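Visitor: model the structure of this input:
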Amino acid sequence: MAGDFVSGSDACRTCDLCERDNIYVLPHERMLVKHDGGSDNVPLVEFSGVAFIAKSTAYCPFYSTASHRCGIYEHRPFACRIYPLDVILHVEQGVENLWWVVHDTCPITQHLLSEGRKDFFLEWAARFERLMDDHLGEAFRRQDRAARGLEFLFRTPLKYTPIKPFVPAIEG
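Guide: Residues are numbered from 1 along each chain as shown. Below you'll find the model as predicted:
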């Protein structure tokens, strides 16, 4: 399902593209995700020090294709909470830095950008940023580098629109 700021949208009830992506789990989320839903057997795959939820099908193991709902919605990973926003390494004017981006395959992204509503994503990125510190930025950096090594696992190619540079509000 889409992030906190777009959840409940009619588009989310009929779309499952976000569930097909590889879902990274931040270090502080690992135990929460593994123990939620009454299961200690949630497979996490580690690659270059970054954990991803392992999938035996095209979907996240917590996703119900029948109901289009997440089984751990209240405790879902941050990556799911902010979707279609993401933080990745992006090259702008020859310099690679962390950037807020939106996934272009998401129908909500397509709709809002077609209406010229990039401001919607700018506002939400700024809200999330106020809650973050630079340690989370380092986690995003590691996650993105690890994901580049796993590109062969992605079901859909990453297509995105850059929104703004990632600037955490809290140092240290």
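
Visitor: Asp134 touches Pro168, doesn't it?
Guide: Yes - Asp134 lies in contact with Pro168 (Cβ atoms under 8 Å); the separation is 4.9 Å. Using the backbone N, CA and C atoms, a C-beta is placed for each residue, glycine as well.

Visitor: ok, these two, which is more surrounded?
Guide: Between Asp134 and Pro168, counting by other Cβ atoms under 10 Å, Pro168 is the more crowded of the two (20 against 14).

Visitor: ok so the more buried one is a strand residue?
Guide: No - going by DSSP: H, G, I helix; E, B strand; the rest coil, the assignment for Pro168 is coil, not a strand.

Visitor: in what helix or strand does Val102 lie?
Guide: strand 95-103 (DSSP states H and E).

Visitor: and that strand, what other elements does it pack with?
Guide: strand 85-92, helix 107-114, helix 118-129, helix 134-149, strand 160-165 (3 or more Cβ pairs under 8 Å, 6 or more residues apart in numbering; DSSP states H and E).

Visitor: mean pLDDT lowest for which of the ones you listed?
Guide: Looking at the helices and strands packed on strand 95-103, the lowest mean pLDDT belongs to helix 134-149 (a mean of 79).

Visitor: SS state for Ala58?
Guide: Relying on three-state DSSP, one would call Ala58 coil.

Visitor: okay, which residue is most central for this protein?
Guide: Ala79 (2.9 Å; Cα atoms, centre = their mean).

Visitor: which outside residues touch stretch 27-34?
Guide: Defining contact as Cβ atoms under 8 Å, 6 or more residues apart in numbering, one finds that stretch 27-34 is touched by 25, 40, 42, 44, 51, 53, 72, 75, 77-78, 139.

Visitor: any stretches of the protein with poor pLDDT?
Guide: 1-11, 33-42, 149-157, 169-172 (pLDDT under 70).

Visitor: please redo it, this time with the cut-off set to 80
Guide: Residues of the chain meeting the criterion pLDDT under 80: 1-22, 27-28, 30-43, 47-49, 54-58, 133-135, 146-158, 168-172.

Visitor: my read: Gly49 touches Ala146, true?
Guide: Yes - the pair Gly49 and Ala146 qualifies as a contact (Cβ under 8 Å) at a distance of 7.0 Å.
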